[in-house]
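Chemist: No letters, just coordinates:
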């Protein structure tokens with residue numbers, strides 16, 4: 001165990017060293033390949049030259065990190081096995097933001113003491129706008145950091161109703177490759193690259209890595225076991241079951257996205273299932289990941305009727321909420337589905353009995369004389385008095401009592 005932890009730390013160090021050292025090495029190469037010499041006799045000219053070189057170095061860092069960030073996102077086994085998904089997502093987001101910021105600084109500095117060709121200006125601007133657009137779209141659709149914004153909630157709801165989530169994500173990933181290609185052209189036709197074959201080779205190498213990552217993500221990954229990009233993260237009991245062919249209820253999925261827009265960026269990574277105690281006990285028969293997947297594709301009957309164990313087995317321990325790398329609120333989803341199930345008169349009889357106890361006694365398990373005596377023997381304080389009338393009034397005001405009575409009538413009729 002200690003050896004594996006030590007090996008993991010070494011792997012972390014080596015991978016991060018490669019990530020941060022690569023742009024440093026390329027920047028050193030650029031510094032010597034830059035055709036404009038440093039003039040130490042003229043302080044103003046020297047300062048302008050240094051500022052220009054600094055801007056170019058920042059551009060190199062931004063370009064290489066953008067290439068690496070795409071490579072990180074392809075679910076490469078080496079990265080998947082050594083880093084948690086939560087850390088990968090945070091690192092990817094933060095470094096992409098930093099790279100975009102560096103490119104903003106690169107733009108004015110690289111123009112100092114230079115006449116920039118029109119083509120170079122256009123490719124740099126277009127590439128920057130592509131990545132800026134990608135960043136904005138990612139914040140709207142691929143993260144829950146700004147989920148409380150009503151505008152983002154409405155955009156996600158509209159997007160889901162139009163059924164373009166898959167096609168949009170597919171276009172988004174291809175758009176990323178387009179951005180890298182434009183920036184590659186920008187770097188390839190730069191003044192330094194024109195006079196340095198070495199710089200052209202270096203830039204081409206990093207673009208090749210990115211292209212390999214894209215091809216791996218789109219083609220090679222399909223040959224993995226059950227075509228699942230998160231196969232290394234899922235629990236042993238979390239298998240991909242064939243989709244059950246049945247009538248789909250997209251209306252339910254749309255309502256849930258409207259109620260809980262945090263579901264939109266779900267990655268189906270299986271972290272929720274791997275950390276769910278009920279899923280572990282039932283060997284994956286209760287599967288939060290599968291429930292969410294069934295919901296998003298509109299298989300409502302599979303969730304509410306056909307599934308056993310089903311949503312009523314969730315204990316509301318919030319482990320899934322805490323572990324989710326995307327901040328998806330699964331507990332809210334299960335509560336919504338339970339309410340939906342109850343409205344369809346499909347709530348388990350045991351839960352109805354428990355609700356009746358709450359209505360009559362204020363608690364699901366009334367305090368009996370034997371328990372009172374044990375509390376006295378243990379010198380425990382008396383349990384606080386419960387205002388049963390207040391609880392009953394709250395249940396009646398929310399129409400909860402009416403729903404409960406209807407459900408009870410249904411069950412009694414079924415038992416006759």
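Modeler: Done, it's in. The structure presented is a predicted model; accordingly, all values stated were derived computationally and were not measured.

Chemist: any idea how far residue 81 is from the closest residue to residue 82 other than its chain neighbours?
Modeler: In space, and not counting its chain neighbours, residue 82 is closest to residue 11: 4.6 Å by CB to CB, 6 or more residues apart in numbering. Bear in mind the C-beta positions are built from the backbone N, C-alpha and C, glycine included. Here the criterion is CB to CB, to the nearest Å. By it, residue 11 lies 8 Å from residue 81.

Chemist: Neighbour count: these two, which is higher?
Modeler: residue 11 (15 against 11; other CB atoms under 10 Å).

Chemist: any idea which element the more buried one lies in?
Modeler: helix 2-33 (DSSP states H and E).

Chemist: Centre of the chain to that helix, how far?
Modeler: Mean C-alpha position of helix 2-33 versus that of the full chain (CA atoms, centre = their mean, to the nearest Å) differs by 26 Å.

Chemist: now swap in stretch 256-276 and tell me
Modeler: Using CA atoms, centre = their mean, the offset of stretch 256-276 from its chain centre is 9 Å.

Chemist: cool, stretch 83-94 as well?
Modeler: For stretch 83-94, the distance to the chain centre is 9 Å (CA atoms, centre = their mean).

Chemist: Tell me the buried residues in that stretch?
Modeler: 83, 85, 88-89, 91-93 (16 or more other CB atoms under 10 Å).

Chemist: I figured residue 83 hits residue 8, correct?
Modeler: No. Shown here, residue 83 and residue 8 do not form a contact pair, counting by CB atoms under 8 Å, at 9.3 Å.

Chemist: picking that back up, now render the buried residues of stretch 83-94 as TSV, adding pLDDT and distance to residue 369.
Modeler: Shown next, in TSV, are the buried residues of stretch 83-94 (pLDDT from 0 to 100; distance: CB to CB, whole Å):
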residue	pLDDT	distance to residue 369
83	87	56
85	84	51
88	88	56
89	86	54
91	92	59
92	89	60
93	87	58
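
Chemist: now the protein, which segments are flagged as low pLDDT?
Modeler: Of all residues in the chain, those with pLDDT under 70 make up the ranges 1-3, 146-148, 161-173, 218-250, 298-309, 345, 399, 401-416.

Chemist: mind giving me the domain ranges of it?
Modeler: The chain breaks down into these domains under automatic domain parsing: 2-223, 250-343, 349-415.

Chemist: Buried deepest among these, which one?
Modeler: Most buried of these, by mean neighbour count (mean count of other CB atoms under 10 Å): domain 250-343, with a mean of 19.

Chemist: about what we covered before: following the chain onward from the helix holding residue 11, which element is next?
Modeler: helix 43-72.

Chemist: That following helix: how far from the chain's middle?
Modeler: For helix 43-72 - counting by CA atoms, centre = their mean - the centre lies 30 Å from the chain centre.

Chemist: and it, what other elements does it pack with?
Modeler: Helices and strands touching helix 43-72, by 3 or more CB pairs under 8 Å, 6 or more residues apart in numbering; DSSP states H and E, are helix 2-33, helix 85-110, helix 165-188, helix 197-218.

Chemist: Next, the contact list for residue 389, please.
Modeler: Taking CB atoms under 8 Å, 6 or more residues apart in numbering as the contact definition, residue 389 lies against nothing.

Chemist: With residue 204 instead?
Modeler: Shown in contact with residue 204 (CB under 8 Å, 6+ apart): 184, 188.

Chemist: rerun at 7 Å
Modeler: Not one residue lies near residue 204 by CB atoms under 7 Å, 6 or more residues apart in numbering.

Chemist: ok, it to residue 213 distance?
Modeler: Taken as CB to CB, the span from residue 204 to residue 213 is 15 Å.

Chemist: cool, residue 33 as well?
Modeler: Distance from residue 33 to residue 213, by CB to CB: 26 Å.

Chemist: now do residue 192
Modeler: 26 Å.

Chemist: Then residue 294?
Modeler: 31 Å.

Chemist: Same question for residue 330.
Modeler: 30 Å.

Chemist: repeat for residue 328
Modeler: 26 Å.

Chemist: One more: residue 275?
Modeler: 29 Å.

Chemist: try residue 49
Modeler: 35 Å.

Chemist: again with residue 73
Modeler: Counting by CB to CB - residue 73 and residue 213 are separated by 8 Å.

Chemist: same deal with residue 371?
Modeler: The gap separating residue 371 from residue 213 is 62 Å, by CB to CB.
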